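Student: Provided below for reference: sequence and predicted model.
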Number of protein chains: 2
Amino acid sequence: MMQRSVFFLSDRTGITAETLGHSLLTQFDGIEWKKHYASFLDSAAKAQAVIEQINTIAEQEGQPALVFSTLLDPVMLASIRRADCVLFDFFETCLGTLEAVLQQPPARIPGRSHVLRQDASYFRRIAAIQYALNSDDGANAKILADADVIVVGVSRTGKTPVCVYLALQYGVLAANYPFTPEDMGAIQLPPLLQPLRKKLFGLTLNTSRLQSIREERYPGSHYASFAECQRELQWQNELYRQFDIPSINTTDVSIEEISASIVNRAHLERRQHGT
Amino acid sequence: MMQRSVFFLSDRTGITAETLGHSLLTQFDGIEWKKHYASFLDSAAKAQAVIEQINTIAEQEGQPALVFSTLLDPVMLASIRRADCVLFDFFETCLGTLEAVLQQPPARIPGRSHVLRQDASYFRRIAAIQYALNSDDGANAKILADADVIVVGVSRTGKTPVCVYLALQYGVLAANYPFTPEDMGAIQLPPLLQPLRKKLFGLTLNTSRLQSIREERYPGSHYASFAECQRELQWQNELYRQFDIPSINTTDVSIEEISASIVNRAHLERRQHGT
């Protein structure tokens, strides 16, 4: 397979450079990316060390490295530009355009995107993480009443990581209610959820996938049998249908995508990024 | 304060457009951003609805809206370009350059960056989230032994959100060990941590900040008193010094930045983005 070296450069965390760079790379198939991360590049000496690494690798590989950058320092950026690389400068170009449109110079202060602002949205996000942990699989009426959304589903449909992601990325208070076999008599909502019907969002999975996830946890158990998985999913999906609970089949969908879908479809208010 | 409307457009989750767009906006002070999110734009009808919204807002405000986009569909992008907006097209420009450098056309399949790949790194990330929850404040030797890093600190230094973020963003197995008053006799490592010294990373806080966080939780308690906070922090920081435990003062630092610093300084292996 073709190989290509990629550098992610940043004055601070590197999260922005990595997110966009990674998105771009996924559009090119059949290439093995050799990834190098250089965050917190805050001195000329550190920049020089990275430049030497870029040049060494380019020479070894006989081709320029790809460099994704959110560096803000024009001097540092200019020195990177002289290295043996193809530079994708995510900030500088856009900042120039924004400066012209807004008729105001950018602050050029690194790390502002992930700086701690002593503002309400940041602390709400922290509180949301704590909320997701407190409400994890320990449903109680008092906690559930505070939820922005209650993610429901039978055991092992992936509720926990989705709730945690909703908290971290969007500052949403996401509680988690696992349907248990005790809930599964008639097709009716568990008593705790009845007053909260409008807040419910369902996860579901294909039977064979649920079986394999449960099998990994409790091999050979009744809980992990195909018949039991099928029975629980049938009950659950019929509940979603009868009570008009929006739901998403997570079999081939990542937690990022499930979470973004929930925010989008349930019209959840975002508490993020200083909003 | 000056106001300006901003749209974040995406074929899928919108996470990439929001991350980069937000980073850029933080560089301009004194403007109140009115943010509009349009993710999962996967039909001409949805695109048309957004275009109408962009034009209406531009007319109301008497100035073009800012639009940050990771749309991949050239037709949709062209129609957005004709709206009354300043378009920041994060993908198209870079994809063109990448295509030339790699001598290969991009796949142009939306949502690849957050698609579920049935690969090891994705499941390790899910497992890491579960691990962070399982190990949260419930230290036991068996769990700690598996950790890539053990985040330590006295109560309320912010260990939990950092461990969860390390799991979600980097797929790192991050355990969490809270120092309790029982640990604080002589300056020595708690027995559980003694064999794991190399894995420790310490958090600390300014005394007055710790006091205010604890005060919020247990107002008027001994636990939240300035003297107790000071005593615990002094013990903790002396421990960090004597045992050469790397540490970070989190008083003015966000969880993203703390986490990125830990990955960087502890040279943790990333299990993310298909790496």
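Tutor: It's in.

Student: Skipping its backbone neighbours, what lies nearest residue A:176 in space?
Tutor: residue A:159 (4.4 Å; C-beta to C-beta, 6 or more residues apart in numbering or on different chains). Bear in mind the C-beta positions are built from the backbone N, C-alpha and C, glycine included.

Student: So that neighbour versus chain B, what's the distance?
Tutor: 12 Å (C-beta to the nearest C-beta, to the nearest Å).

Student: which residues touch that residue?
Tutor: Contacts for residue A:159 were tallied using C-beta atoms under 8 Å, 6 or more residues apart in numbering or on different chains; they are A:151-153, A:176-178, A:203.

Student: If you average pLDDT per helix and strand, which one of chain A comes out bottom?
Tutor: Across the helices and strands of chain A, mean pLDDT, DSSP states H and E gives its lowest value to helix A:120-134, namely a mean of 83.

Student: Tell me which residues of stretch A:216-224 come out buried.
Tutor: Under the neighbour-count criterion of 16 or more other C-beta atoms under 10 Å in any protein chain shown, stretch A:216-224 has A:223-224 buried.

Student: That stretch close to chain B?
Tutor: No. Using C-beta under 8 Å from any C-beta of the partner chain, we find that stretch A:216-224 stays clear of chain B, coming within 9.9 Å at best.

Student: and that stretch, how far from the chain's centre?
Tutor: Per C-alpha atoms, centre = their mean, to the nearest Å, the displacement of stretch A:216-224 from the mean C-alpha position of its chain is 29 Å.

Student: Equivalent analysis for stretch A:92-101, please.
Tutor: Centroid separation for stretch A:92-101 versus its chain: 28 Å, with C-alpha atoms, centre = their mean.

Student: What mean pLDDT does it get?
Tutor: Taken as a whole, stretch A:92-101 carries a mean pLDDT of 88.

Student: pLDDT averaged over the helix or strand following the least confident helix or strand of chain A, what's the number?
Tutor: Proceeding N to C from helix A:120-134, the next assigned helix or strand is helix A:141-145, under DSSP states H and E. Averaging pLDDT along helix A:141-145 yields 88.

Student: who's in contact with residue A:174?
Tutor: Counting by C-beta under 8 Å, 6+ apart, residue A:174 makes contact with A:128, A:131-132, A:135, A:147-151, A:162-163, A:166-167.

Student: Now residue A:68: closest residue in space, sequence neighbours ignored.
Tutor: Nearest one to residue A:68, counting by C-beta to C-beta, 6+ apart, is residue A:21 at 3.4 Å.

Student: now do residue A:84
Tutor: residue A:58 (3.8 Å).

Student: Averaged pLDDT, whichever strand or helix holds the one you found. What do you get?
Tutor: Using DSSP H and E, residue A:58 sits within helix A:44-61. For helix A:44-61, mean pLDDT rounds to 96.

Student: just checking, what packs against that helix?
Tutor: Packed against helix A:44-61 by the contact rule (3 or more C-beta pairs under 8 Å, 6 or more residues apart in numbering or on different chains; DSSP states H and E) you find strand A:2-9, strand A:31-38, strand A:65-69, helix A:74-81.

Student: Buried residues, the second one. List them.
Tutor: Translated: strand A:31-38. Buried residues in strand A:31-38 (16+ other C-beta under 10 Å): A:33, A:35-38.
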